[in-house]
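Enquirer: After the sequence you'll find the predicted model.
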Amino acid sequence: MKNTFVFSFLSIILVMILSCKKPERKKTNFKNYLKNTEWIVNEGGLIIPDGGKIYYMSPRDTALIFNFHAVNFLDEEKFKSYDAWQCGNDCFTEIHGRYYFTEANQIKMEVDSIRKSEFCDLPTQTFKPSKVMSFNLAKEGEQLKLIRK
């Protein structure tokens, strides 16, 4: 009787521990055409949780460009959005996070941190849990349009 009680109690504890595990995001089989691409944001500014509704982006070429917002889709799931300015504005912002496709033309972006550098005098914001943004994607020629859902 005592062994049955101990076994039952330990089984319940084990089930409780395993059920508290953080849920994993389901992998999707949608083609990731953003992987290892760099984009200049023509309209919409930085891609941040409380940012614009629509972002128009063009592929970044090797031309020397001053004063821009950009987003790099670094690998299968990480992204970085940042800005660059000429001399006179030495406060730069970088947004780091993860992205994944939820449909063939939809992505979710999870912002993990927003970092201000150089002369900003602002601490890095770290989000636990991550701030989530959802976008519909539309290709218009070479341009990519992100529409916040």
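Expert: All right, it came through fine. Numbers count the residues shown, from 1 in each chain.

Enquirer: Helices of this structure, residue ranges please.
Expert: Counting by DSSP state H, the chain has helices at residues 2-19.

Enquirer: quick one: low-confidence parts of the protein?
Expert: Applying pLDDT under 70 to the chain flags the ranges 1-28, 62-63, 87-89, 118.

Enquirer: mind running it again at 80?
Expert: The chain contains residues with pLDDT under 80 at 1-29, 62-66, 85-91, 117-121.

Enquirer: And the strands in it?
Expert: 37-43, 54-59, 68-73, 78-84, 91-103, 106-118, 125-140, 143-148 (DSSP state E).

Enquirer: which residues are contacting the fourth one?
Expert: By that I understand strand 78-84. 41, 46-48, 65-74, 92-99, 109 (C-beta atoms under 8 Å, 6 or more residues apart in numbering). For the C-beta atoms, the positions are set from N, CA and C on the backbone; glycine is no exception.

Enquirer: The strands of the chain: which one's closest to residue 30?
Expert: The closest of the strands of the chain to residue 30 is strand 91-103. By C-beta to C-beta, the value is 4.0 Å.

Enquirer: Please identify the buried residues of the closest one?
Expert: Buried residues in strand 91-103, counted by 16 or more other C-beta atoms under 10 Å: 93, 95, 96, 97, 98, 99, 100, 101.

Enquirer: my read: residue 32 touches residue 102, true?
Expert: No - using C-beta atoms under 8 Å, residue 32 is not in contact with residue 102, being 12.0 Å away.
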